[in-house]
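Visitor: sequence plus the predicted model coming up.
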Amino acid sequence: MRQPPTSAVAAGPVSFRGKRRRTWPQRLVIAFNVFLVMTCLSSAYALAFYNRQLSDIPRVSLQSTLNRTSSQTDPQNFLIVGADNAEGLDATDPVVAGRNIKENLTDTIMILRIDPNQEKAWLLSLPRDLYLPIGNNRGKDRINTALALGGPELLIQTINENFGIKIDHFLQVNFNGFKQLVDAIDGVNVYFNYPAKDDNTGLNVSEPGCALLTGDQALAYARSRHYTAKIDGRWQEDPTSDHGRIARQQYFIKQALKKAIDKGARNPIQMGNLLGVAQNWVVIDDTLTPENILDLGARFNAFNPEDLKVYEPYTHGGMAGAASVLFLDEQPSQEILNIFRGVDASQNVLAAVRVEVRNGTGKVGEGQDVADDLKRRGFTVTGSSDDRNFRNDKTVIKYAPGAGNLIAGIVLARFMDGTPIFEEEPALAQSDHSLALVVGKDFPGIRTDARPLEDFKQYLPVPENAPTTVAEPTTTAPSNQPPAAPTTTGPPSPNARSIVPEVPEGVEC
């Protein structure tokens, strides 16, 4: 630790002999002032220390791309990217085999939302094979290509356009940086219910129980998409591939946070050591300041990593040409995405309904007018275009396959007079919206209040007493209050059949 300037320590004890003794109140005031000065000096030292450490971490200029919160106490979204980049690894490392070491696809994409006032945090993992429109009209592709195509700006734009999630800060780490950070905290404890291996990444755990994973094995564990466990004497591969990997990564993050705290990461000096490792292998945005880090560290000083809420959107597998990809299940994912949008679903339920407007009236500008009305009412409109048939007599609500999407169509119909036609359109399953409103000549306009659900009882895909009623929205503005946990009774969790750690009750790891 750097020594204070000589002038601060050279003076010897001061003799008060012959002077009037101070009263206890005076002594308390002096003691308080000394404490205050020491606190200020300590904070100034920490700030200067962080400034030195952060100045050597590579920065990417994103001031024009990132969301700028009005206050550091507002909820913030951190985009955390693990780059599929093997630069700095040994040539014999399994990760290097068969790859361009400077390739910059994204191996892991996570959004960490923190609420400093509530001292709460949520983590959303986006599958790397999620197939969607890439930002800036780059066509459709896997989301993990956006970083390589246009850097952090394009990835942030893609996330914002597809999910309505704004990003406040950006952090990127490559494979070697991940290993170095794990080694800096002397490894991470991971529980294995069964022996495990992955020949593709080099993971090899021969015995069940709590294992300390250092950098090499930690990376092999976190990257494993062909995770294989020896269950009942037989090696069985996790059938959920990337979904299982996401669930294991989320467990690993909690374990890593606990280990970092145990190693003193909440101490400014120890945090400085971690920042020292980051100087070679981490990239951050140019708006993240030492003051941000100190303030967040102080506010989350007592945060328990077990309280981190983790999520993954609902998806289903399919093909895009010859490629096996994942498509977003729009409707059941909305409650999860609303958490990271800062939208409380109980206050803005219509924002969960994503709809494209198609003008079939033949009247110029009609589609955009309807889109604007829907937006004002609180719906999420993904776009407006002309329908292939310019002379539609009837208004049609088209929905992607699935009962949840039909229910979303009924929600939309409740804000229209008359009775639209409902049609299933399979192609919508591969779009960024689950509904398409084809505006016909009989279109009655958008109501300000919802019609009774009874008007559409015959269209409901579930029994009448099922939870299909949609609460009325009270506002269309994002809320600064922490949103409620999702309650969607949608399809099973994507990782429901994954092989993930289940620590036995009473076992510490």
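Guide: In hand now; what should we look at?

Visitor: where do the helices sit along the stretch 251-400 of the chain?
Guide: If DSSP state H, counting those that start in this stretch is used as the criterion, the helices of the stretch 251-400 of the chain fall at 268-281, 290-299, 330-341, 366-377.

Visitor: just those: most buried one?
Guide: Most buried of the helices of the stretch 251-400 of the chain by mean neighbour count (mean count of other Cβ atoms under 10 Å) is helix 330-341; its value is a mean of 24. To be clear about C-beta, it is placed using only N, CA and C from the backbone, and glycine gets the same treatment.

Visitor: packing partners of the longest strand seen in the chain?
Guide: If you go by DSSP state E, the chain has its longest strand at strand 105-115. Where contact means 3 or more Cβ pairs under 8 Å, 6 or more residues apart in numbering; DSSP states H and E, strand 105-115 is packed against strand 76-84, strand 120-126, helix 146-163, helix 330-341.

Visitor: closest one to residue 303 among those?
Guide: strand 120-126 (6.9 Å; Cβ to Cβ).

Visitor: show me what the helix or strand following that closest one pairs with in its sheet, parallel or antiparallel.
Guide: Sequence order places strand 131-133 as the next helix or strand after strand 120-126, per DSSP states H and E. Using DSSP bridges, the strands paired with strand 131-133 are strand 140-142 (antiparallel).

Visitor: and the strand it pairs with, how far out from the chain middle?
Guide: Relative to the centre of its chain, strand 140-142 is centred 19 Å away, using Cα atoms, centre = their mean, to the nearest Å.

Visitor: show residues contacting it.
Guide: 128-134, 149, 320, 323, 325 (Cβ atoms under 8 Å, 6 or more residues apart in numbering).

Visitor: kindly recompute the last result at 10 Å.
Guide: 105-106, 127-134, 149, 158, 320, 323, 325-326, 430-432 (Cβ atoms under 10 Å, 6 or more residues apart in numbering).

Visitor: could you flag which of those are buried?
Guide: Buried members of the contacts of strand 140-142, counted by 16 or more other Cβ atoms under 10 Å: 105-106, 127-134, 149, 158, 325-326, 430-432.

Visitor: quick one: low-confidence ranges for the stretch 1-150 of the chain?
Guide: In the predicted model of the stretch 1-150 of the chain, residues 1-50, 53, 70, 85-104 satisfy pLDDT under 70.

Visitor: go again using 50 as the cut-off
Guide: Within the stretch 1-150 of the chain, the stretches with pLDDT under 50 are 1-19, 24, 32, 35-42, 89, 98-101.

Visitor: residues near the closest residue to residue 128 other than its chain neighbours, how many?
Guide: Spatial nearest neighbour of residue 128, chain neighbours left out: residue 144 (4.0 Å); criterion: Cβ to Cβ, 6 or more residues apart in numbering. Using other Cβ atoms under 10 Å, residue 144 has 22 other residues around it.

Visitor: are we agreed that residue 144 is in a helix?
Guide: Yes: under DSSP: H, G, I helix; E, B strand; the rest coil, residue 144 falls within a helix.

Visitor: identify the residues contacting it.
Guide: Here residue 144 is in contact with 81, 83-84, 104-109, 126-130, 155 (criterion: Cβ under 10 Å, 6+ apart).

Visitor: now with 6 Å, please.
Guide: 105-106, 128 (Cβ atoms under 6 Å, 6 or more residues apart in numbering).

Visitor: what of residue 492?
Guide: Contacts of residue 492 (Cβ under 6 Å, 6+ apart): none.

Visitor: quickly list the domain ranges of the protein.
Guide: Domain assignment for the chain, taken from automatic domain parsing, gives 59-328, 349-459.

Visitor: minimum distance to residue 503: which of those domains has it?
Guide: The nearest among the domains of the chain, by Cβ to Cβ, is domain 59-328 at 4.7 Å.

Visitor: just the terminal-to-terminal distance for the closest one.
Guide: 32 Å (Cα to Cα, to the nearest Å).

Visitor: also stretch 496-503?
Guide: 17 Å.

Visitor: what are the buried residues along that stretch?
Guide: 498-501.

Visitor: mind putting these in JSON lines, distance to residue 274 included?
Guide: Output for the buried residues of stretch 496-503, formatted as JSON lines (distance: Cβ to Cβ, whole Å):
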{"residue": "498", "distance to residue 274": "30"}
{"residue": "499", "distance to residue 274": "30"}
{"residue": "500", "distance to residue 274": "27"}
{"residue": "501", "distance to residue 274": "24"}
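
Visitor: now, these that are in helices?
Guide: Members of the buried residues of stretch 496-503 lying in helices (criterion: DSSP state H): none.

Visitor: what's across from residue 113 in the sheet?
Guide: Residues in beta-bridge contact with residue 113 (DSSP bridges): residue 77, residue 122.

Visitor: list the contacts of it.
Guide: Contacts for residue 113 (Cβ under 6 Å, 6+ apart) come out as 77, 122, 340.

Visitor: how about those in JSON lines, adding distance to residue 399?
Guide: Shown next, in JSON lines, are the contacts of residue 113 (distance: Cβ to Cβ, whole Å):
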{"residue": "77", "distance to residue 399": "30"}
{"residue": "122", "distance to residue 399": "29"}
{"residue": "340", "distance to residue 399": "25"}
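
Visitor: looking at it, residue 312 is touching residue 246, isn't it?
Guide: Yes: with contacts counted by Cβ atoms under 6 Å, residue 312 reaches residue 246, the gap being 5.4 Å.

Visitor: still on that earlier bit, nearest to residue 281 among the contacts of residue 144?
Guide: Using Cβ to Cβ, residue 106 comes nearest to residue 281 of those, at 15.5 Å.

Visitor: who does that closest one form a beta bridge with?
Guide: What pairs with residue 106, by the bridge criterion (DSSP bridges), is residue 83.

Visitor: that one reaches residue 81, doesn't it?
Guide: Yes: with contact defined as Cβ under 6 Å, residue 106 counts as touching residue 81 (5.2 Å).

Visitor: rewinding a little: out of the helices and strands packed on strand 105-115, the one nearest residue 356 is which?
Guide: Nearest to residue 356 among those is helix 330-341 (11.2 Å), distances taken as Cβ to Cβ.

Visitor: run the chain-centre distance for that closest one.
Guide: 11 Å.
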